[in-house]
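1. Sequence first, then the predicted structure, then my questions.
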Amino acid sequence: MLDEFETLFIQHFNDNARSLAYYLEKMQGYTASKKALAMPQDEVISEVKKSNLRGRGGAGFPTGMKWGFIPKNSTKPKYLVCNADESEPGTFKDRDIMRYTPHLLIDGMVIGAHAIGANTGYIYIRGEYTREAKLLQVAIDEAYSKGYLGKNIQGSKFDFDLTVHRGAGAYICGEETGLLNSLEGKRGEPRVKPPFPAQSGAFGGPTIVNNVETLAGIPYIINRGGEWFSKLGKIEKSGGTRLFCVSGHVKKPGVYELPAGSVTLRQLVYGTCGGILGDKKLKAVIPGGSSAPVLTADEIDVIVDIEPLMKIGTMLGSAGIIVVSEDYCIVKLIRRITRFYEHESCGQCTPCREGCRWMEDILDRIERGKGREQDLALLLEVADNMSGKTLCALGDAAAGPVISFVKKFRADFEAHIRGAKCPNV
Amino acid sequence: MGTKILSKKFYNEMIQLEPRYPTKVALLLPALHAAQDEFGWLSPEVMEEIGSYIGIHPAQVREVASFYTMYNLRPVGKYHLKICTNVACCLRGADELVSHCEKKLGIQCGETTKDKKFTIMEEECLGACGTAPAMMLNNDYYENLDVVQLDELLENLE
């Protein structure tokens, strides 16, 4: 399936690709930023709008439209921040972009910075990616030394400074305003919105936060045109290719690149990834990182893209697809997911802080065979008290999966409660 | 201010970084990382010195340091094993790695061996789900692990 089209990223995912020499020679390196720097800002933004590029971090917001939100007449310094926190469980694509094609990201950031008028940029990378942070720094140093970053980039009179900023282990810093607080040297607690970052973001200046894969797609849009990029997508309102991260019980887990909207979940799991480990039966698929509501084995004939998944009550998120086979305990799984959100809740909003803890406690006792008949109703009530009642999306990210697991696998929970054991294991 | 605990290398790094940010407080995370690289953990004295360098109260340093799991507020072993037990790693046998480690080293997660050589911790998602189960040993990733490989790795550290 992969051979039918030219991939933007994956064909370059090898250790030879990360040097500046490779980027210049094999990937038309820095020709895109040179071209963009000669274009008026509006034209760059309009090209990105035409591309139908939608944010690859999870929310799927149209990138060109986001860039257009930056106020033109602001006198405050503006910032472009790359969200490389990649903290959503099940997601591991940005790591590959950073370690194999760091220059593509830098090139994209120069273009984005010019489009929004920012002279300063940061790559906020999760702290655990120490190796990737070093590799990025090497690439940034190379780019500075050849005039692709810094003052008067490629003779354009445009200046852009780029700094790698390491996080330190906090899921919430993937949330853009939590990230900005963390960048400013604070606890990574999400901010009250509005104001949105485009008005007042990093250090009080207008700021755009974009995901790694989003920014790495930009050079292609500039070099080959927004329309070309848009047509790569096989579904309305979603351009380009998409990196899918498949993990869990499949024969060939990994990062796959396919045109947006070109495959169903079934094709991805049974075709691309070779089917279920040990040829077992499929039990469940989490389609968009652990925050996404779960799908049962009967629900996988769905196109893996933003709108189709939204229509069936879940989400594509960061395209982290977690596959679960028949013999894994579904209660254990959701308890582990909930423990994660309990651990990562920043504690600012009561419904999230308390709700995560309650859900974890209830799930824990159900899994241990100590659950009570009324626990499922209680679980749903707690989840309902969290949904949409918090400053950021973490509350929903914790509640949504719990609601979906209880509704779709109720029999498994009841078996734990009534029989005090797991029916699958 | 008495004698400085943090090295000249630390201060040089900070001086180089300072112009990259519009505020000095933004140096806090990089400073905590650099200090931890030096001492393996962040003692109250180190946090106080960082606070006085940046110009914030030590409590503010601690408030930030304690928010992030990567900062060690207690000493850890020479080899710090952080085993991911999040969803994808669990599906691929991370629990087995944890219990094997605990048994072999005779400590529970969150503890350090008496000889201060090993600390084991359960870690949240490391972003290596396609090559699960994964763990970090100090700053390095080890992926596609099984019990045999983990044993080999641990024995080479002993």
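-> Thanks, I have the structure now.
2. Sticking with A:I123, tell me its helix or strand.
-> strand A:120-125 (DSSP states H and E).
3. which residues are contacting that strand?
-> A:77-85, A:98, A:105, A:109, A:112-113, A:132-133, A:136, A:160-167, A:173, A:179, A:182-183, A:202, B:22 (Cβ atoms under 8 Å, 6 or more residues apart in numbering or on different chains). Every residue, glycine included, has its C-beta placed from N, CA and C.
4. List the strands paired with that strand, with their directions.
-> When pairing is defined by DSSP bridges, strand A:120-125 lines up against strand A:79-84 (parallel), strand A:161-166 (parallel).
5. show me what contacts A:E299?
-> A:L265, A:V285, A:I312.
6. quick one: the closest residue to chain B within the stretch 1-150 of chain A from A:I322, how far?
-> Closest to chain B within the stretch 1-150 of chain A is A:P89: 3.9 Å, counting by Cβ to the nearest Cβ. In this view, A:P89 and A:I322 are 8 Å apart by Cβ to Cβ, to the nearest Å.
7. Need the overlap of contacts for the two.
-> A:G289, A:S290, B:V87, B:A88, B:C129.
8. now those in JSON lines, with neighbour count and pLDDT?
-> Output for the shared contacts of A:P89 and A:I322, formatted as JSON lines (neighbours: other Cβ atoms under 10 Å in any protein chain shown; pLDDT from 0 to 100):
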{"residue": "A:G289", "neighbour count": "28", "pLDDT": "96"}
{"residue": "A:S290", "neighbour count": "29", "pLDDT": "97"}
{"residue": "B:V87", "neighbour count": "27", "pLDDT": "96"}
{"residue": "B:A88", "neighbour count": "33", "pLDDT": "97"}
{"residue": "B:C129", "neighbour count": "34", "pLDDT": "97"}
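9. mind listing which of these are in helices?
-> In this view, the shared contacts of A:P89 and A:I322 that belong to helices under DSSP state H are B:V87, B:A88.
10. Could you export the shared contacts of A:P89 and A:I322 as CSV, including distance to A:C346?
-> Below are the shared contacts of A:P89 and A:I322 laid out as CSV (distance: Cβ to Cβ, whole Å):
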residue, distance to A:C346
A:G289, 18
A:S290, 17
B:V87, 21
B:A88, 23
B:C129, 23
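11. now, among the shared contacts of A:P89 and A:I322, which is nearest to A:L232?
-> Closest approach between these and A:L232, by Cβ to Cβ: A:G289, at 23.0 Å.
12. Can I get the buried part of the contacts of A:E299 as one PyMOL selection?
-> Entered in PyMOL, the line below selects the buried ones among the contacts of A:E299, by 16 or more other Cβ atoms under 10 Å in any protein chain shown:
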select buried, chain A and resi 265+285
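13. how far away is the most centrally placed residue in chain B from A:L105?
-> Taking Cα atoms, centre = their mean, the centroid of chain B lies closest to B:M70, which sits 4.4 Å from it. Look at B:M70 and A:L105: by Cβ to Cβ, they are 23 Å apart.
14. Ok, A:H165 next?
-> 14 Å.
15. out of the two, which sits in the more crowded spot?
-> More crowded of A:H165 and A:L105, by other Cβ atoms under 10 Å in any protein chain shown: A:L105, with 27 against 23.
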